[in-house]
Every structure is written in structure tokens, then in C-alpha cells.
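>>> Below is the sequence, then the predicted model.
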Amino acid sequence: DLDNDGKPNFSDADDDGGGTADNAGTDDDNDGVLDTDDNDYDNDGIPDGSEGVGNITVFGSAPALLIASNTETVTIGNVGTNAAGNTDFGLIVNGTVNSDGIYDDVDSTAIQIGGPVDLNNDGDYVDAGESAVGYHVEMNGGVRVDGTVTARSYNGDAHALWLRGDVDADEIFVDGAVVAIASTTSAPLNDPDPTKREDAVEAVGIDIGADSTVPLLNIGGFVSATGSGENASAVAIRDASGTLQTLNITGTVVATIVRNDDADDTDDADLDPNNETIKGRSIAIDLRNDTTGVAITLADKGPDGYDG
């Protein structure tokens, strides 16, 4: 989809978005094959009609996509443009990025940019070659999500898009879906038996860490965090850095906690989730660390579909 209009090249009458319909006399990619006869517009050797959607999936605690280093500064070059044609991004997700912890007590992260590097995923950063801090990551234009980013955990934390360390990103632009789901049992938090004790967990859709810098956030798609269980919390968008200056929302931002009940519950004898007391918090937008003010705009999408 060369012009990112949602239409595959092979069925798009104007596949480069130039305003001129493809016809027998046009050759947009200048490969010597007229557009009406060209079945490989991006010239990658694969017929456009056979190209699928990119997918990254991880089962376990490792991030599905990690952009970080334990030895040096990382600079990501710009790719693509937004619908207005005037902004490049360091990372564009047009496909899907999924992370599923699968096992109990395993955290799940779909995309992590910056922060600690845990090479063997053992939960610490003291092994050879590991770093508890991580080096600076320069994302230039920032991050754009037109596809789907999902993280799911069970008795663990879930982060869908996490700028965890010293990260500079000019913008986070979501026109697709960013979803985090953390599920937990009904076991008490303070049970003296560690095999019956539950930990508080949280699901965070977009998490901007304390050491990161993101001045602009455009949400035209769907950002969601869901905590399942009385000890779960859900935060759709969190800016711990206090650097966010502008937040434009033409899509949906939602944080939800869903009650549950099971055999691990010790505060009553039934399995009725409706009488359980929620101990976690659901927060759609957490800007508590801001000290200079954030301009928040809620509006419809413009006629061109661009949310900026």
C-alpha cells in the first residue's frame, strides 16, 4: 500500500496518491512497466497481490520488538510520511506486534524502546553484557502505529508501547490499535502463604517513561488498557516524563477494570464477581507528572482522515 490509503497497490486506481489515476500511459515507479500492467509496484520481487501483513509475535517475557542497546547510543533513521506528507517517523507499524506472557507471573511487552537490556530474560540486569539503564535512543520523527500492537499477561504486567528509558521521539501517532490486557486471580495481596498470595498487576497501553521525551501525542485510532481482577490496574496513556505538551484525540482512549472471582478468593465463599472490591485503579490519561500544562484537544477527524 504505497500511499497508505488502505487500498493494496494492485487494486488502487491511484497507487502513489499523486492525484492521477493509473492508466495505460502512466509508470509511477519508472520501472519500464506501465501501471496497468505492473503487478509488483514496489519492485521487491513479490507480486503485490501476494504480499501479506507483517507480523511479530512473542510468547514469554521478552519484548516482541526491542529497540535499545547496552553498549551505545541508538539512532533510528526516518521512514515514511504521515497523511499530511510532512512528517517522517523512526518506527512505523503497519502490521501487527503481539506479546503474550502465556504463563502466570510473566510480564508481557509488545514494543519496548530504550531502557534496560535483559539478554537472557531472567528478570535482572547483572549478567555479562546487560545494562540496568540502557543508552539513549533517538527516534527522530517518533512512532506511528497504523496496525495493531497488543500485550497480554497473566498475573504479570502488560505494556503495549513502552518508551522505557532515555528516548527522544517527536511524536507518537496512533491511527490503529494499541491494547494492553493484564489478568489476575482473586487471591489476596497479603496472604502469608506465598503460594496463595497475589501481586498487584497493571496494564498500560502507551507508557512514556520518566527519562523519555515526547512532546506530541496524536490518537486517531484506539488505545485501550484492561485489568481483569480486583488487584489489577489499567492505564491507557501514561506520561511519567512530564514532557508531553500536546495531546490530540479524535479516536478512543479507554481504561477498564473487570471484576472476577475464583477459587483463590478468601474474602467470601461464593464465586460472584459482582461483590468483589476493586483495589486497582483505571486511568484513561495519566498526566500527574506534568508541571507546565498539556493542551488537550478532542475533535472529529478532518476530511482527509488525518488527526494531526
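Happy to help now that I have it.
>>> which residues does the nearest residue to residue 222 once chain neighbours are set aside form a beta bridge with?
Nearest-residue entry for residue 222: residue 177, 4.4 Å, with adjacent residues in sequence omitted and distances by CB to CB, 6 or more residues apart in numbering. For every residue, glycine as well, the C-beta is placed using N, CA and C. Partner residues in beta bridges with residue 177: residue 148, residue 222, with DSSP bridges as the criterion.
>>> Where does residue 290 sit: helix, strand or coil?
Local secondary structure at residue 290 is given as coil here, using DSSP: H, G, I helix; E, B strand; the rest coil.
>>> dump the residue contacts of it.
By CB atoms under 8 Å, 6 or more residues apart in numbering, the contact set of residue 290 is 239, 242, 244.
>>> wait, isn't residue 148 in contact with residue 179?
Yes: between residue 148 and residue 179 there is a contact at 7.4 Å, judged by CB atoms under 8 Å.
>>> More neighbours: which of these two?
A count of neighbours by other CB atoms under 10 Å puts residue 179 above the other of residue 148 and residue 179, at 24 against 21.
>>> Can you identify the element that follows whichever helix or strand the more buried one is part of toward the C-terminus?
For residue 179, the enclosing helix or strand under DSSP states H and E is strand 177-183. If you walk from strand 177-183 toward the C-terminus, the next helix or strand you reach (DSSP H and E) is strand 201-208.
>>> What helices and strands are in contact with that following strand?
strand 148-154, strand 158-163, strand 171-174, strand 177-183, strand 222-228, strand 232-239 (3 or more CB pairs under 8 Å, 6 or more residues apart in numbering; DSSP states H and E).
>>> quick check: mean pLDDT across it?
Averaged across strand 201-208, pLDDT comes to 96.
>>> okay, that strand in CSV with CA atoms only?
As requested, C-alpha coordinates have been extracted for strand 201-208 and formatted as CSV (Å, rounded to 0.1, in the frame of the first residue of the first chain):
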residue,chain,number,x,y,z
VAL,A,201,-0.5,-6.0,38.3
GLU,A,202,-1.1,-3.3,35.7
ALA,A,203,-1.9,-3.0,32.0
VAL,A,204,-0.6,0.1,30.2
GLY,A,205,-1.3,0.9,26.6
ILE,A,206,1.2,3.8,26.0
ASP,A,207,3.8,4.3,28.7
ILE,A,208,6.2,7.2,28.3
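>>> circling back: between the helices and strands packed on strand 201-208, which one is closest to residue 112.
In this view, those are compared for proximity to residue 112 by CB to CB, and strand 158-163 is the closest at 4.9 Å.
>>> any residues touching that closest one, and which ones?
When contacts are taken as CB under 8 Å, 6+ apart, the neighbours of strand 158-163 outside the stretch itself are 63, 99, 101, 107-115, 143, 145, 149-152, 169, 172, 178-182, 201-209, 212, 214, 225.
>>> What average pLDDT does the following helix or strand past it get?
For strand 158-163, the succeeding helix or strand toward the C-terminus, using DSSP H and E, is strand 167-168. Along strand 167-168, the predicted confidence averages to a pLDDT of 95.
>>> Run through who's touching strand 167-168.
With contact meaning CB under 8 Å, 6+ apart, strand 167-168 is reached by 113-114, 136-139, 209, 211-214.
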